[in-house]
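*Asks:* Output the structure for:
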Amino acid sequence: MPPQSPETRTLDPGKLIDEGTWSTYQKLLVFGTAATIIVDGLDNQLLPNAVPALIREWGLQRADFTSALAVGPFGMMVGGLIGGLAGDRFGRRPTLIGCVALFGALTCMMALVGSIGALSVLRLLAGIGLGGAMPNAATLAAEYVPIRQRAFAVTATIVCIPLGGALAGELAALVIPTSGWRALFILGGILPLVISLVLWKLIPESPKFLARHPERWPELTRLLRRSGHDVPVDATFSVPREVDVSPMFSAKIASLFRGGFGRDTTALWVAFFFGLMANYVIVLLLPALLTSASIGFGQAAASRALAMSNYGGVTGALLGAMVLQRLGSRVAMLAMAAGAVLCAGILAGWPLDPTNTVGLMAMLLLTGGLINGVQTTMYALAAHIYPTAIRSTGVGTAVAVGRIGNVVAAYAASAAIDRGGPPAYFALWSVLMLLVLVALACIRRHVPGTAAAPQR
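*Replies:* Numbering: from 1, shown residues only. Got it, this is the predicted structure:
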């Protein structure tokens, strides 16, 4: 380490950013992380949109694709856990960009398959990349911006999941009828590969991560200066020890239950489990349900129905983030969860008529907005609950637990359709969101609103 001049100060970069202004450069960094989540959401919903075409081309039934749909979320569960730990150990930036490149390459390869077995293997491996990207994108967004903008920045990043899903629906509606499902996977794989190359040059590492590595302090100095802070060339940095944790896996996980975090961790895991299960009950089976012979929607209409749910998710998450920032996460998230329970119950009795879809599309827009709004703001809540030293692990582990719900979603939704048809399928949405509502009500460390008194 170079000798310090008398004027040199030891700076806490986390405190500088937390208390500083939200510069244009920082907004661009959040936009960059958001771009990775757009393609994450896009690639994640390509297969559900392609299933109706695969059923026709391969001469199979909807139930034959249940495991192929479930294995992707299983890979995302593994990826969420590995990605969170890798982000804390090796850096958020290389982990995020590596995950994006991985799922992009594997999605391109899906265009070459000719069997469910091969499709499932590639979907599993791509799922690891998809799952590993999200916790690191959320963590980077949280650590790039001042604390008063953190909840909004994280939510604005994660809201790109349904935005990407909406783009997947629109892309499928345009590409599959004219060029087939293979072209859909090629286009969906090329986009993340391009974005990963661009962002490798443009986005920096997390400032708090850089502060823990003295050999990378010159990078940190440049980052802080571009964020609007006056930092001497020979400045030294420190990060206050927030939680005493070991780099070992078992100690990292155990730290999520020490120091008063146990109740919030448990409730957060339950909320992620049922919240992601509800989300994937929609994502994985809605197009296949609507295109079934008993209902009769076309490919384009079914893909756009899923897109409408995602468009609602974008709107709901952004509005939810603004309400969250103003009133706090407890009020915002409990209200959205309660609304989702009610709207899904209404959908359970809604007539599905391919010749009159306006009302259905409106209800999917509203219900999808509420369900996705709750889900996307959960990432901001998770980033708020945990301190820096275990933040990626905390977010990544919660997402990994949620991915178990993703895996179960394919089987639960298929069973509901087989036993009770569309009414049972939509009623399942309502039940799952009721469980999310209860879990969120049990969390103590909710994000305080700017209009609320500080929480103790």
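
*Asks:* low pLDDT regions in the stretch 101-250 of the chain?
*Replies:* Counting by pLDDT under 70, the stretch 101-250 of the chain shows low-confidence ranges at 240-250.

*Asks:* Now do the helices in it.
*Replies:* 116-144, 147-158, 160-179, 181-202, 207-211, 217-226, 249-255 (DSSP state H, counting those that start in this stretch).

*Asks:* Which among those is found nearest to residue 397?
*Replies:* In terms of C-beta to C-beta, the element of the helices of the stretch 101-250 of the chain nearest to residue 397 is helix 249-255, at 6.6 Å. Backbone N, C-alpha and C define where each C-beta goes, glycine included.

*Asks:* Could you give me the buried positions within whatever helix or strand comes next after the closest one?
*Replies:* Once helix 249-255 ends, the next helix or strand along the chain (criterion: DSSP states H and E) is helix 262-290. Neighbour counts over helix 262-290 (16 or more other C-beta atoms under 10 Å) mark 264-290 as buried.

*Asks:* Same check on stretch 110-118?
*Replies:* Burial within stretch 110-118, assessed by neighbour count using 16+ other C-beta under 10 Å, is assigned to 110, 111, 113, 116.

*Asks:* could I get those residues as a markdown table with distance to residue 412?
*Replies:* Putting the buried residues of stretch 110-118 into a markdown table (distance: C-beta to C-beta, whole Å) gives the following:
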| residue | distance to residue 412 |
| --- | --- |
| 110 | 25 |
| 111 | 29 |
| 113 | 26 |
| 116 | 20 |
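
*Asks:* Any figure for the gap between residue 61 and residue 162?
*Replies:* 28 Å (C-beta to C-beta, to the nearest Å).

*Asks:* Can I get the helices of the stretch 101-250 of the chain in CSV including distance to residue 29?
*Replies:* Converted to CSV, the helices of the stretch 101-250 of the chain look like this (distance: least, C-beta to C-beta, whole Å):
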stretch, distance to residue 29
helix 116-144, 5
helix 147-158, 9
helix 160-179, 14
helix 181-202, 9
helix 207-211, 10
helix 217-226, 9
helix 249-255, 26
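
*Asks:* Which one of the ones you listed lies nearest to residue 358?
*Replies:* Nearest to residue 358 among the helices of the stretch 101-250 of the chain is helix 160-179 (17.0 Å), distances taken as C-beta to C-beta.

*Asks:* for the closest one, the distance to its chain's centre please.
*Replies:* 18 Å (C-alpha atoms, centre = their mean, to the nearest Å).

*Asks:* which other residues reach that helix?
*Replies:* 34-35, 37-46, 49-50, 53, 134, 183-184, 187-188, 283, 299-300, 303-307, 309-314, 317, 368, 372, 375-376 (C-beta atoms under 8 Å, 6 or more residues apart in numbering).

*Asks:* now stretch 29-37
*Replies:* Residues from elsewhere that reach stretch 29-37 (C-beta under 8 Å, 6+ apart): 96-97, 100, 133-134, 137, 140-141, 144-145, 153, 156-158, 160-161, 164, 192, 195-196, 199, 202-204.

*Asks:* can you tell me the average pLDDT over stretch 266-282?
*Replies:* For stretch 266-282, mean pLDDT is 94.

*Asks:* okay, that stretch in CSV with CA atoms only?
*Replies:* Taking Å, rounded to 0.1, in the frame of the first residue of the first chain, the C-alpha atoms of stretch 266-282 are listed here in CSV:
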residue,chain,number,x,y,z
THR,A,266,-37.9,-17.3,7.5
ALA,A,267,-40.8,-15.0,6.6
LEU,A,268,-38.9,-13.7,3.5
TRP,A,269,-38.2,-17.3,2.3
VAL,A,270,-41.9,-18.2,2.7
ALA,A,271,-42.9,-15.0,0.8
PHE,A,272,-40.4,-15.7,-2.0
PHE,A,273,-41.5,-19.4,-2.2
PHE,A,274,-45.2,-18.7,-2.7
GLY,A,275,-44.7,-15.4,-4.6
LEU,A,276,-42.5,-17.0,-7.2
MET,A,277,-44.7,-20.0,-7.3
ALA,A,278,-47.7,-17.8,-8.1
ASN,A,279,-45.7,-15.9,-10.7
TYR,A,280,-44.6,-19.1,-12.5
VAL,A,281,-48.0,-20.7,-12.3
ILE,A,282,-48.9,-17.8,-14.7
